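S.K.: Build me a model:
(chains A and B)
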Amino acid sequence: MAKKDLQEIRKIENDIYELLKTVMDPEIELDIINLGLVYNILYDGEKDVRIEMTLSTPACPLGDAITDNVKNTIKKKYPDYDVDVDLVFDPPWDASMISEEGKIKLGM
Amino acid sequence: MAKNLHTDNAPDISTVKPHFLFAAIGFLVLAILMVLSNPYFFGTYYNHHSLAVTHTAVLGWLMMLIFGSLYQLIPVIFDTALYSEKLAKFTFWITAFSIVFLVYTFWVGDYVVLLPYAATSMYLSLFFFIFNIMMSYKNARIKNFKSLFILAAVFWLLMTETEGLLIALNFKYNFYQASHLYHLHTHAIMGLVGFFIMMIFGVGITLIPMFLISHHLNEKLLKYAFYLLNTGLAGLVLSKYLYDKQLLIILFWVLIIGGIIVYFRYIYESYKRRMKKTLDVGMKYTMLSLVFLLLPIALSLTMIFVPQLGMQAYAETIILLFGLSMIFGFFTTIALGQTYKTLPFIIWLEKYQKLVGKFHTPLPRELYSEKVAGIQFYFYMSFLILAFLAIILSLKWLMQLATILFLIVSILYNYNVWKMFFHDSEKYVNKRDKEILNN
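M.R.: The predicted model follows:
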């Protein structure tokens, strides 16, 4: 696969960002982007996508379901890409990371 | 790759599921027994029908639910897998048999021939459970006050069961000097405070902030609550055997109540800092149950001061109210709430984990009927109010009405539990896909 230029890379990263707005945290019932769980979206311009994200608590029993959802959602649109999800807990997530839109949705 | 997730250690659903099913059936049987045993509510609280009802409630309903939930939560609380799932499955069957055997024995009032065997069988089954939890703790990567609460609860379960077995054997071999009633009190206090409160508090420390989504809580409070509760309880039990003086009993009750209040402080902090402002039906039950715990606290103080208050004539009514407020006001309320918080997620993970992102999937709360859960909530509150009034006013017809409401609650609860178990994910996905195509 030929390496894409920077503009195209940003475009795909933005597209993935929008796609991840459909991935819900099943307990909080808000998407992971507005929750502020996604720290970084990195696309190498060829076929590797790496998502750096966290969970609302390290003990979250739904962790696998959320990361599977991230992978499946991206692969549904980009079936040839390899998607890697890196879970990081530094910085730990807290409510200040929720977007303004998310706060409105949660009634905060 | 996502690594070190707690779901890696999650037990197979076949280990957890039967406990929730048994508990749901146990809850229905409890309601039926309550309707049938209505006249006995107004006699002595230790008659054999009341003992059958109490043990159905605490073992068949509450303990089975705790076993199932704990197996699921061990990876979250201890950060390790359950020591043996095979042992957990074996324990389920022997526990289920023992509960049925024990409740039947109480119901028919056979204390001499059957009870020693039923109690021994119960003791063995609980021993397997305790062993499994202790061995899991040995491998735990998280050892803090949260996990210590669980460990302490398991210790008090062993003590409760040992006392229970000795009482049962004493009916045949008659070795106790004091009356059965005296030992029954210790058995009940260790079970209610030592096992159930300690276990619910221990699990609640992890679950309540997780469900309310609150962070940065003062964990020192947990340490104080732990020491106060356990010192108070150990003191109370020891003083019962060694030096039964009212002043000491008051002191130890004050420590226990202090522990509960400190724990409340922690939960209140979590509630105040919660991100989820609107409480769903499960959390409504949970928060309300903690408020209801104030009632047995007040009644326990009243029990201590019965002679000073000149209320000897009401002693049995107060004990009955204490039991009712503890088992139904607190334990059952929180159990009903937490079923709606944990079971939908367990079933959802089983049915949808592989489908998320590929198809439209429902939310866990969509697996049961929220409308039915809401109606169940109001019936349950009505039952509690009527049952209390019936005992205070000594009105049998009112108690009959309350138990019928309770039966309706158990039917509604079972409806939702079975609806979750029979949820057909394939049918849901196909239906949604057709809807999307049609739109």
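S.K.: measure residue A:10 to chain B for me?
M.R.: 23 Å (Cβ to the nearest Cβ, to the nearest Å). Every C-beta, even on glycine, is put in place using the N, C-alpha and C of the backbone.
S.K.: Show me where chain A has its strands.
M.R.: With DSSP state E, the ranges of strands along chain A come out as A:24-25, A:30-31, A:38-43, A:48-53, A:82-87.
S.K.: quick one: the fourth one near chain B?
M.R.: No: between strand A:48-53 and chain B, judged by Cβ under 8 Å from any Cβ of the partner chain, nothing touches; the nearest distance is 9.1 Å.
S.K.: got the contact list for residue B:170?
M.R.: B:176, B:180, B:183 (Cβ atoms under 8 Å, 6 or more residues apart in numbering or on different chains).
S.K.: Deepest-packed of the strands of chain A, please.
M.R.: Ranked by mean neighbour count, the strands of chain A are led by strand A:30-31 with a mean of 20 (mean count of other Cβ atoms under 10 Å in any protein chain shown).
S.K.: At the geometric centre of chain A, which residue sits there?
M.R.: residue A:38 (4.5 Å; Cα atoms, centre = their mean).
S.K.: Now that residue. Nearest residue, chain neighbours left out?
M.R.: residue A:53 (4.7 Å; Cβ to Cβ, 6 or more residues apart in numbering or on different chains).
S.K.: Same check on residue B:120?
M.R.: The shortest distance from residue B:120 to any non-neighbouring residue, by Cβ to Cβ, 6+ apart, is to residue B:165 (6.6 Å).
S.K.: Kindly report the same for residue B:138.
M.R.: That would be residue B:83: by Cβ to Cβ, 6+ apart, it lies 7.7 Å from residue B:138.
S.K.: Skipping its backbone neighbours, what lies nearest the one residue in chain A that gets nearest to chain B in space?
M.R.: Relative to chain B, the nearest point of chain A is residue A:72 (2.6 Å; Cβ to the nearest Cβ). Spatially, and ignoring its direct neighbours in sequence, residue A:72 is nearest to residue B:357 (2.6 Å; Cβ to Cβ, 6+ apart).
S.K.: For the one you found, list the residues it contacts.
M.R.: A:23, A:68-73, A:75-76.
S.K.: which bits of the stretch 251-400 of chain B sit near chain A?
M.R.: So the stretch 251-400 of chain B meets chain A at B:275-278, B:345, B:348-349, B:352-354, B:356-358, B:363-364 (Cβ under 8 Å from any Cβ).
S.K.: Please check those residues and keep the buried ones.
M.R.: B:275-276, B:345, B:348-349, B:352, B:356-357, B:364 (16 or more other Cβ atoms under 10 Å in any protein chain shown).
S.K.: quick revisit: look up how far residue B:248 lies from the residue nearest to residue A:72.
M.R.: Separation of residue B:357 from residue B:248 (Cβ to Cβ, to the nearest Å): 61 Å.
S.K.: in what helix or strand does whatever residue of the stretch 51-200 of chain B ends up closest to chain A lie?
M.R.: Relative to chain A, the nearest point of the stretch 51-200 of chain B is residue B:76 (4.5 Å; Cβ to the nearest Cβ). Using DSSP states H and E, residue B:76 maps to helix B:64-78.
S.K.: about what we covered before: what is the nearest of the residues of the stretch 251-400 of chain B next to chain A to residue B:193?
M.R.: The shortest gap between residue B:193 and any of those belongs to residue B:345, at 29.0 Å (Cβ to Cβ).
S.K.: Can you name the residues that contact that closest one?
M.R.: A:26-27, A:61-62, B:364.
S.K.: Do you know the pLDDT at it?
M.R.: pLDDT for residue B:345: 90.
S.K.: helix, strand or coil for it?
M.R.: Classification of residue B:345 using DSSP: H, G, I helix; E, B strand; the rest coil returns helix.
S.K.: Could you check how far it is from residue A:62?
M.R.: Taking Cβ to Cβ, one finds residue B:345 at 7 Å from residue A:62.
S.K.: before we move on, what about residue B:425?
M.R.: Residue B:425 is 16 Å from residue A:62, by Cβ to Cβ.
S.K.: higher neighbour count, these two?
M.R.: Using other Cβ atoms under 10 Å in any protein chain shown as the criterion, residue B:425 and residue A:62 rank with residue A:62 on top: 23 against 18.
S.K.: State whether that one and residue A:25 are indeed in contact, as I suppose.
M.R.: Yes: Residue A:62 is in contact with residue A:25 according to Cβ atoms under 8 Å; the separation is 7.3 Å.
S.K.: In helices only, show me the residues of the stretch 251-400 of chain B next to chain A.
M.R.: Within these, residues falling in helices by DSSP state H are B:345, B:348-349, B:352.
S.K.: got the residues of chain A near chain B?
M.R.: So far as Cβ under 8 Å from any Cβ goes, chain A lies against chain B at A:23-24, A:26-29, A:56-65, A:67-73, A:75-76, A:84-87, A:92, A:94-95, A:98, A:106-108.
S.K.: Please, a ChimeraX command that selects the buried ones among those residues?
M.R.: Those of these that count as buried under 16+ other Cβ under 10 Å are selected in ChimeraX with:
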select /A:23,24,26,27,28,56,57,58,59,60,61,62,63,64,65,67,68,69,70,71,72,73,75,84,85,86,87,95,98,106
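S.K.: Among the residues of chain A next to chain B, name the ones in helices.
M.R.: If you go by DSSP H, the residues of chain A next to chain B have A:63-65, A:67-73, A:75-76, A:106 in helices.
S.K.: so which pair among these is furthest apart in space?
M.R.: Spatial extent of these (Cβ to Cβ) is set by the pair A:75 and A:106 at 28.8 Å.
S.K.: Pick the one among the ones in helices among the residues of the stretch 251-400 of chain B next to chain A closest to residue B:266.
M.R.: Nearest to residue B:266 among these, with distances taken as Cβ to Cβ, is residue B:345, at 23.4 Å.
S.K.: returning to what we had before: can you redo the contacts of residue B:357 as a markdown table with pLDDT?
M.R.: Conversion of the contacts of residue B:357 to a markdown table gives the following (pLDDT from 0 to 100):
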| residue | pLDDT |
| --- | --- |
| A:23 | 94 |
| A:68 | 92 |
| A:69 | 93 |
| A:70 | 95 |
| A:71 | 94 |
| A:72 | 93 |
| A:73 | 94 |
| A:75 | 94 |
| A:76 | 91 |
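S.K.: which of these lies closest to residue B:63?
M.R.: Taking the contacts of residue B:357 together and measuring to residue B:63 by Cβ to Cβ, the closest member is residue A:68, at 33.6 Å.
S.K.: Not including adjacent chain positions, what is the nearest residue to residue A:15?
M.R.: Residue A:15 sits nearest to residue A:77 (Cβ to Cβ, 6+ apart), 7.6 Å away.
S.K.: Quick check: the one you found vs residue A:83, distance?
M.R.: 11 Å.
S.K.: could you list every residue that touches residue B:340?
M.R.: Residue B:340 makes contact with B:280-282, B:285, B:365, B:368, B:373, B:416 under the criterion Cβ under 8 Å, 6+ apart.
S.K.: can you tell me which residues contact the spatially closest residue to residue B:370 that is not a sequence neighbour?
M.R.: Take residue B:370 and drop its neighbours on the chain: the residue closest to it by Cβ to Cβ, 6+ apart is residue B:281, 6.4 Å away. By Cβ under 8 Å, 6+ apart, the residues touching residue B:281 are B:337, B:340, B:370, B:373-374, B:377.
S.K.: Compare those and tell me which has the most neighbours.
M.R.: Going by other Cβ under 10 Å, residue B:340 tops these with 26 neighbours.
S.K.: how about low-confidence regions in the chain?
M.R.: I'll assume chain A. Low-confidence segments of chain A, defined by pLDDT under 70, span residues A:1, A:59.
S.K.: Chain B is the one I meant
M.R.: Low-confidence segments of chain B (pLDDT under 70): B:1-8, B:39-46, B:244, B:432-439.
S.K.: I'd like to know how many residues surround residue B:228.
M.R.: 20.
S.K.: and it, what are its phi and psi?
M.R.: In terms of degrees, to the nearest 10, the main-chain angles of residue B:228 are phi -60, psi -50.
S.K.: so it makes contact with residue B:254?
M.R.: No: judged on Cβ under 8 Å, residue B:228 makes no contact with residue B:254 at a distance of 9.2 Å.
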